[in-house]
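**Q** Here is a sequence together with a model predicted from it:
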Amino acid sequence: MKKTIQIALISMSLSGSALAQDVHFSFAELSPLSINPALAGANADKEIILNYRNQWSRVGTPYATQNAAFHGRLSNTKKRQDNWICGGIQLTSDKAGAPGINNNGVSLSLADQIKVGRNSRVGLGLQVGFAQRAIRPADGRWGSQYDGNAYNAGLQSGEENGNISKNYADVGVGAVYSYTKRKGVVTGSVDRLFNVGFAAYHVNRPDYGFVTTENARLPIRFTFFANGEFAIRDGAAALMPGAYVFRQGTFSEYLVGLYYKYKVINPSKYTGYVKPLSVSFGAFARANDAAILKLLVDYHRYSIGYSFDANTSKLSTYIRSRGAHEIVLRFVIY
(Lines give C-alpha, C1' and ligand atoms only; values in the text may rest on other atoms or scores of the structure.)
Protein backbone atom coordinates (compact mmCIF):
# COMPACT_ATOMS: atom_id res chain seq x y z
CA MET A 1 0.00 0.00 0.00
CA LYS A 2 2.82 2.41 0.91
CA LYS A 3 4.55 1.75 -2.40
CA THR A 4 1.31 2.31 -4.33
CA ILE A 5 0.80 5.68 -2.64
CA GLN A 6 4.41 6.67 -3.40
CA ILE A 7 4.03 5.79 -7.08
CA ALA A 8 0.72 7.65 -7.27
CA LEU A 9 2.25 10.76 -5.71
CA ILE A 10 5.21 10.66 -8.09
CA SER A 11 2.90 10.22 -11.07
CA MET A 12 0.80 13.22 -9.99
CA SER A 13 3.95 15.28 -9.45
CA LEU A 14 5.33 14.41 -12.87
CA SER A 15 2.00 15.14 -14.52
CA GLY A 16 1.86 18.53 -12.84
CA SER A 17 5.41 19.49 -13.77
CA ALA A 18 4.90 18.32 -17.34
CA LEU A 19 2.17 20.93 -17.84
CA ALA A 20 4.75 23.69 -18.24
CA GLN A 21 7.31 21.64 -20.19
CA ASP A 22 7.41 20.85 -23.89
CA VAL A 23 7.83 17.36 -25.25
CA HIS A 24 11.38 16.18 -25.82
CA PHE A 25 13.13 13.35 -27.63
CA SER A 26 16.42 11.60 -27.00
CA PHE A 27 16.82 11.62 -30.80
CA ALA A 28 16.89 15.43 -30.68
CA GLU A 29 18.96 15.55 -33.88
CA LEU A 30 16.12 13.71 -35.64
CA SER A 31 13.40 16.06 -34.43
CA PRO A 32 14.73 19.25 -36.10
CA LEU A 33 11.59 21.40 -36.06
CA SER A 34 11.23 20.75 -32.33
CA ILE A 35 14.62 22.28 -31.53
CA ASN A 36 14.85 25.08 -34.11
CA PRO A 37 12.46 26.20 -36.89
CA ALA A 38 15.47 27.45 -38.89
CA LEU A 39 16.54 23.81 -39.37
CA ALA A 40 13.84 23.44 -42.05
CA GLY A 41 15.78 22.57 -45.20
CA ALA A 42 19.17 23.20 -43.57
CA ASN A 43 20.70 19.73 -44.08
CA ALA A 44 18.35 17.91 -46.44
CA ASP A 45 16.49 18.74 -49.63
CA LYS A 46 13.29 17.21 -48.27
CA GLU A 47 12.64 14.65 -45.55
CA ILE A 48 9.87 13.02 -43.55
CA ILE A 49 10.55 12.07 -39.91
CA LEU A 50 8.36 10.07 -37.52
CA ASN A 51 9.16 9.92 -33.79
CA TYR A 52 7.61 7.82 -31.04
CA ARG A 53 8.56 7.89 -27.34
CA ASN A 54 7.19 5.85 -24.43
CA GLN A 55 8.46 6.38 -20.88
CA TRP A 56 7.89 5.62 -17.18
CA SER A 57 5.79 2.52 -17.80
CA ARG A 58 5.84 1.61 -14.08
CA VAL A 59 4.80 5.03 -12.76
CA GLY A 60 1.05 5.11 -13.23
CA THR A 61 0.02 5.45 -16.87
CA PRO A 62 3.00 5.58 -19.30
CA TYR A 63 3.81 8.86 -21.01
CA ALA A 64 3.59 8.57 -24.80
CA THR A 65 4.65 11.11 -27.42
CA GLN A 66 4.29 10.98 -31.21
CA ASN A 67 5.69 13.46 -33.69
CA ALA A 68 5.43 13.61 -37.49
CA ALA A 69 7.26 16.22 -39.54
CA PHE A 70 7.92 17.09 -43.16
CA HIS A 71 10.34 19.83 -44.13
CA GLY A 72 12.47 20.80 -47.08
CA ARG A 73 13.66 23.35 -49.61
CA LEU A 74 10.96 25.02 -51.66
CA SER A 75 13.42 26.78 -54.00
CA ASN A 76 15.04 25.06 -56.97
CA THR A 77 18.35 24.06 -55.37
CA LYS A 78 19.78 22.74 -58.67
CA LYS A 79 20.28 26.33 -59.74
CA ARG A 80 22.97 28.46 -58.11
CA GLN A 81 21.23 30.54 -55.50
CA ASP A 82 22.40 32.63 -52.60
CA ASN A 83 19.37 31.70 -50.54
CA TRP A 84 16.86 28.88 -50.33
CA ILE A 85 13.30 29.37 -49.14
CA CYS A 86 12.34 26.37 -47.01
CA GLY A 87 9.24 25.20 -45.19
CA GLY A 88 7.95 22.51 -42.89
CA ILE A 89 4.94 21.15 -41.07
CA GLN A 90 4.90 19.28 -37.76
CA LEU A 91 2.18 17.34 -35.94
CA THR A 92 2.65 16.48 -32.26
CA SER A 93 0.59 14.40 -29.84
CA ASP A 94 1.56 13.89 -26.21
CA LYS A 95 -0.24 12.06 -23.41
CA ALA A 96 1.22 12.72 -19.97
CA GLY A 97 0.00 9.92 -17.70
CA ALA A 98 -3.26 9.85 -15.73
CA PRO A 99 -5.75 11.50 -15.65
CA GLY A 100 -4.96 11.77 -19.33
CA ILE A 101 -3.35 15.17 -19.85
CA ASN A 102 -3.22 15.46 -23.64
CA ASN A 103 -1.34 18.02 -25.71
CA ASN A 104 -1.90 18.06 -29.47
CA GLY A 105 -0.55 20.60 -31.91
CA VAL A 106 0.23 21.47 -35.51
CA SER A 107 2.84 24.00 -36.59
CA LEU A 108 4.14 25.50 -39.83
CA SER A 109 7.75 26.60 -40.24
CA LEU A 110 9.22 28.98 -42.78
CA ALA A 111 12.99 29.43 -43.12
CA ASP A 112 15.44 31.26 -45.35
CA GLN A 113 18.82 29.53 -45.77
CA ILE A 114 21.22 32.31 -46.81
CA LYS A 115 24.59 31.50 -48.36
CA VAL A 116 27.44 33.23 -46.49
CA GLY A 117 30.39 31.20 -47.75
CA ARG A 118 31.40 28.45 -50.14
CA ASN A 119 30.23 25.73 -47.76
CA SER A 120 28.25 27.63 -45.17
CA ARG A 121 24.80 29.12 -44.72
CA VAL A 122 22.85 31.01 -42.09
CA GLY A 123 19.22 30.06 -41.61
CA LEU A 124 16.50 32.25 -40.13
CA GLY A 125 13.22 30.58 -39.19
CA LEU A 126 9.71 31.38 -38.02
CA GLN A 127 7.22 28.85 -36.65
CA VAL A 128 3.50 29.48 -36.18
CA GLY A 129 1.24 26.86 -34.69
CA PHE A 130 -2.03 25.93 -33.05
CA ALA A 131 -2.28 23.67 -30.01
CA GLN A 132 -4.92 22.09 -27.79
CA ARG A 133 -4.39 21.00 -24.21
CA ALA A 134 -7.01 18.75 -22.61
CA ILE A 135 -7.61 16.78 -19.43
CA ARG A 136 -10.27 14.24 -18.45
CA PRO A 137 -10.76 14.51 -14.65
CA ALA A 138 -12.94 11.39 -14.45
CA ASP A 139 -9.92 9.26 -15.43
CA GLY A 140 -7.93 10.35 -12.39
CA ARG A 141 -7.73 9.04 -8.84
CA TRP A 142 -8.97 11.54 -6.25
CA GLY A 143 -8.89 11.80 -2.48
CA SER A 144 -12.68 11.48 -2.38
CA GLN A 145 -12.26 7.90 -3.70
CA TYR A 146 -10.20 6.79 -0.73
CA ASP A 147 -12.42 4.68 1.52
CA GLY A 148 -10.17 4.83 4.58
CA ASN A 149 -8.12 1.77 3.64
CA ALA A 150 -7.41 1.97 -0.07
CA TYR A 151 -8.43 3.57 -3.36
CA ASN A 152 -11.97 2.52 -4.34
CA ALA A 153 -12.88 3.12 -8.00
CA GLY A 154 -16.55 2.59 -7.14
CA LEU A 155 -16.71 5.82 -5.15
CA GLN A 156 -17.72 9.04 -6.90
CA SER A 157 -14.88 11.47 -7.45
CA GLY A 158 -17.06 14.55 -7.63
CA GLU A 159 -15.09 15.73 -10.68
CA GLU A 160 -16.41 16.50 -14.17
CA ASN A 161 -16.98 13.52 -16.48
CA GLY A 162 -16.17 15.23 -19.77
CA ASN A 163 -12.99 16.74 -21.20
CA ILE A 164 -11.71 20.15 -20.19
CA SER A 165 -9.71 21.73 -23.01
CA LYS A 166 -7.79 24.88 -23.89
CA ASN A 167 -6.87 26.06 -27.39
CA TYR A 168 -4.10 28.54 -28.13
CA ALA A 169 -1.90 29.91 -30.90
CA ASP A 170 1.87 29.62 -30.66
CA VAL A 171 4.89 31.38 -32.18
CA GLY A 172 8.59 30.46 -32.31
CA VAL A 173 11.73 31.89 -33.94
CA GLY A 174 15.25 30.60 -34.52
CA ALA A 175 18.60 31.03 -36.24
CA VAL A 176 21.08 28.37 -37.40
CA TYR A 177 24.60 28.36 -38.86
CA SER A 178 25.35 25.31 -41.06
CA TYR A 179 28.65 24.22 -42.60
CA THR A 180 28.89 21.27 -44.99
CA LYS A 181 31.94 20.04 -46.91
CA ARG A 182 31.74 16.99 -49.16
CA LYS A 183 34.66 14.57 -49.41
CA GLY A 184 34.69 14.24 -53.18
CA VAL A 185 32.71 14.43 -56.40
CA VAL A 186 32.61 10.65 -56.81
CA THR A 187 30.78 9.64 -53.64
CA GLY A 188 29.53 13.01 -52.43
CA SER A 189 29.91 11.74 -48.85
CA VAL A 190 30.21 14.20 -45.97
CA ASP A 191 33.71 15.14 -44.86
CA ARG A 192 32.67 17.76 -42.31
CA LEU A 193 29.23 18.92 -41.26
CA PHE A 194 28.50 21.31 -38.42
CA ASN A 195 25.34 23.03 -37.14
CA VAL A 196 24.91 25.49 -34.29
CA GLY A 197 21.73 27.33 -33.48
CA PHE A 198 19.56 29.20 -31.00
CA ALA A 199 15.75 29.35 -30.86
CA ALA A 200 12.90 30.60 -28.70
CA TYR A 201 9.47 28.91 -28.65
CA HIS A 202 6.21 30.33 -27.21
CA VAL A 203 7.48 33.89 -27.64
CA ASN A 204 3.85 35.10 -27.54
CA ARG A 205 3.46 33.51 -24.05
CA PRO A 206 0.06 31.89 -24.80
CA ASP A 207 -2.46 31.34 -22.00
CA TYR A 208 -2.78 27.56 -21.60
CA GLY A 209 -4.74 27.44 -18.32
CA PHE A 210 -7.86 25.28 -18.02
CA VAL A 211 -9.66 27.69 -15.67
CA THR A 212 -10.80 31.04 -17.07
CA THR A 213 -9.72 32.87 -13.91
CA GLU A 214 -6.28 31.29 -14.08
CA ASN A 215 -3.44 33.34 -15.54
CA ALA A 216 -1.28 30.47 -16.78
CA ARG A 217 1.14 31.71 -19.40
CA LEU A 218 3.30 29.12 -21.14
CA PRO A 219 6.95 29.94 -20.38
CA ILE A 220 9.25 30.68 -23.29
CA ARG A 221 11.42 27.68 -24.17
CA PHE A 222 14.95 28.64 -25.14
CA THR A 223 17.02 26.08 -27.04
CA PHE A 224 20.69 25.99 -27.95
CA PHE A 225 22.29 23.17 -29.88
CA ALA A 226 25.48 22.21 -31.67
CA ASN A 227 26.02 18.99 -33.60
CA GLY A 228 28.10 17.70 -36.48
CA GLU A 229 29.62 14.87 -38.45
CA PHE A 230 33.39 14.54 -38.96
CA ALA A 231 34.87 11.83 -41.20
CA ILE A 232 37.72 9.71 -39.80
CA ARG A 233 39.74 6.71 -41.02
CA ASP A 234 39.86 8.11 -44.59
CA GLY A 235 36.10 8.40 -44.68
CA ALA A 236 35.38 4.82 -43.59
CA ALA A 237 33.82 6.08 -40.37
CA ALA A 238 32.71 9.29 -38.71
CA LEU A 239 32.24 10.85 -35.30
CA MET A 240 28.96 12.68 -34.69
CA PRO A 241 28.94 14.76 -31.48
CA GLY A 242 25.88 16.62 -30.23
CA ALA A 243 24.99 19.00 -27.40
CA TYR A 244 21.49 20.33 -26.67
CA VAL A 245 20.37 22.76 -23.98
CA PHE A 246 16.71 23.49 -23.22
CA ARG A 247 15.49 26.06 -20.75
CA GLN A 248 11.80 26.65 -19.97
CA GLY A 249 10.77 28.53 -16.84
CA THR A 250 12.59 26.89 -13.94
CA PHE A 251 13.19 23.69 -15.91
CA SER A 252 16.55 23.00 -17.60
CA GLU A 253 17.68 20.05 -19.70
CA TYR A 254 21.21 19.25 -20.86
CA LEU A 255 21.70 16.48 -23.43
CA VAL A 256 25.22 15.65 -24.64
CA GLY A 257 26.84 12.69 -26.35
CA LEU A 258 28.60 11.15 -29.32
CA TYR A 259 27.86 8.72 -32.16
CA TYR A 260 30.37 6.46 -33.85
CA LYS A 261 29.24 5.99 -37.44
CA TYR A 262 30.62 3.05 -39.42
CA LYS A 263 30.13 3.25 -43.18
CA VAL A 264 29.44 -0.31 -44.31
CA ILE A 265 28.96 0.66 -47.97
CA ASN A 266 29.95 3.94 -49.61
CA PRO A 267 27.67 5.22 -52.36
CA SER A 268 28.43 5.58 -56.04
CA LYS A 269 27.30 9.08 -56.95
CA TYR A 270 27.58 8.90 -60.73
CA THR A 271 26.19 5.43 -61.49
CA GLY A 272 23.70 5.33 -58.61
CA TYR A 273 23.93 1.54 -58.52
CA VAL A 274 25.68 1.33 -55.15
CA LYS A 275 23.51 2.57 -52.28
CA PRO A 276 25.09 3.82 -49.04
CA LEU A 277 24.70 1.83 -45.82
CA SER A 278 25.92 2.91 -42.40
CA VAL A 279 25.40 1.93 -38.77
CA SER A 280 25.78 4.43 -35.93
CA PHE A 281 26.17 3.69 -32.22
CA GLY A 282 25.54 6.52 -29.79
CA ALA A 283 26.11 7.13 -26.08
CA PHE A 284 24.43 10.21 -24.62
CA ALA A 285 23.55 11.55 -21.19
CA ARG A 286 20.76 13.79 -19.96
CA ALA A 287 22.17 15.55 -16.90
CA ASN A 288 20.72 14.30 -13.58
CA ASP A 289 18.18 12.17 -15.43
CA ALA A 290 19.29 9.38 -17.77
CA ALA A 291 22.05 7.55 -19.61
CA ILE A 292 21.02 6.97 -23.22
CA LEU A 293 22.09 4.34 -25.74
CA LYS A 294 21.21 4.81 -29.42
CA LEU A 295 21.34 2.71 -32.56
CA LEU A 296 20.76 4.25 -35.98
CA VAL A 297 20.83 2.46 -39.35
CA ASP A 298 20.91 4.51 -42.56
CA TYR A 299 20.34 2.84 -45.92
CA HIS A 300 20.11 5.06 -49.00
CA ARG A 301 17.10 7.32 -48.32
CA TYR A 302 15.84 5.41 -45.29
CA SER A 303 16.80 5.56 -41.62
CA ILE A 304 15.56 3.70 -38.57
CA GLY A 305 16.70 4.30 -35.02
CA TYR A 306 16.09 3.02 -31.51
CA SER A 307 17.15 4.51 -28.18
CA PHE A 308 16.77 3.52 -24.55
CA ASP A 309 16.94 5.90 -21.59
CA ALA A 310 18.21 4.24 -18.42
CA ASN A 311 17.03 6.47 -15.60
CA THR A 312 19.75 7.68 -13.23
CA SER A 313 17.61 9.93 -11.01
CA LYS A 314 15.82 8.99 -7.76
CA LEU A 315 12.89 7.86 -9.89
CA SER A 316 14.86 4.73 -10.86
CA THR A 317 13.92 3.18 -7.48
CA TYR A 318 10.28 3.02 -8.56
CA ILE A 319 10.55 2.30 -12.28
CA ARG A 320 13.09 -0.54 -11.82
CA SER A 321 15.25 0.54 -14.77
CA ARG A 322 12.22 0.75 -17.06
CA GLY A 323 13.12 4.08 -18.57
CA ALA A 324 12.11 5.40 -21.96
CA HIS A 325 12.00 3.69 -25.34
CA GLU A 326 12.16 5.71 -28.52
CA ILE A 327 11.83 4.84 -32.21
CA VAL A 328 12.51 7.13 -35.16
CA LEU A 329 11.94 6.65 -38.90
CA ARG A 330 13.25 8.96 -41.61
CA PHE A 331 12.75 9.10 -45.36
CA VAL A 332 14.83 11.51 -47.44
CA ILE A 333 13.39 12.84 -50.70
CA TYR A 334 15.82 14.06 -53.39
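**A** Received it, and whenever you're ready, just let me know what you need.

**Q** avg pLDDT for whichever strand or helix holds residue 124?
**A** If you go by DSSP states H and E, residue 124 is part of strand 120-135. For strand 120-135, mean pLDDT is 94.

**Q** same question, stretch 252-261
**A** So the average pLDDT for stretch 252-261 ends up being 97.

**Q** next one: that stretch to chain centre, how far?
**A** Relative to its parent chain, stretch 252-261 has a centroid offset of 13 Å by C-alpha atoms, centre = their mean, to the nearest Å.

**Q** Give me the distance between residue 75 and residue 115.
**A** Look at residue 75 and residue 115: by C-beta to C-beta, to the nearest Å, they are 11 Å apart. Where C-beta positions appear, they are placed from N, C-alpha and C, glycine not excepted.

**Q** Identify the contacts common to these two.
**A** Listed as contacting both residue 75 and residue 115 by C-beta atoms under 8 Å, 6 or more residues apart in numbering are 81, 83.

**Q** Give me the distance from stretch 37-49 to the chain's centre.
**A** Counting by C-alpha atoms, centre = their mean, stretch 37-49 comes out at 14 Å from the chain centroid.

**Q** just stretch 105-118 next, same as before
**A** Using C-alpha atoms, centre = their mean, the offset of stretch 105-118 from its chain centre is 18 Å.

**Q** contacts for it?
**A** Outside stretch 105-118, the residues touching it (C-beta under 8 Å, 6+ apart) are 33, 37-42, 71, 73, 81-92, 121-132, 170, 172, 178-179.

**Q** Neighbouring strands of the strand holding residue 124 in the sheet, and parallel or not?
**A** strand 101-115 (antiparallel), strand 164-182 (antiparallel) (DSSP bridges).

**Q** Give me the buried positions along that strand.
**A** Neighbour counts over strand 120-135 (16 or more other C-beta atoms under 10 Å) mark 121-127, 129, 131, 133-135 as buried.

**Q** With stretch 198-206 instead?
**A** Buried, per 16+ other C-beta under 10 Å, within stretch 198-206: 198-202, 206.

**Q** In CSV: these, plus pLDDT and secondary structure.
**A** What follows is the buried residues of stretch 198-206, written out as CSV (pLDDT from 0 to 100; DSSP: H, G, I helix; E, B strand; the rest coil):
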residue, pLDDT, secondary structure
198, 98, strand
199, 98, strand
200, 98, strand
201, 97, strand
202, 96, coil
206, 93, coil
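
**Q** wait, which of those is closest to residue 22?
**A** Within the buried residues of stretch 198-206, proximity to residue 22 (C-beta to C-beta) peaks at residue 201, which comes in at 6.8 Å.

**Q** quick one: the closest one and residue 54, what's the gap?
**A** As judged by C-beta to C-beta, residue 201 and residue 54 stand 23 Å apart.

**Q** what does residue 216 give?
**A** 27 Å.

**Q** From what I see, residue 290 and residue 312 are in contact.
**A** Yes: applying C-beta atoms under 8 Å, one finds residue 290 in contact with residue 312, separated by 5.7 Å.

**Q** the strands in the stretch 201-334 of the chain, which residues?
**A** Taking DSSP state E, counting those that start in this stretch, the strands of the stretch 201-334 of the chain run over residues 221-232, 237-248, 251-265, 277-286, 290-299, 302-311, 324-333.
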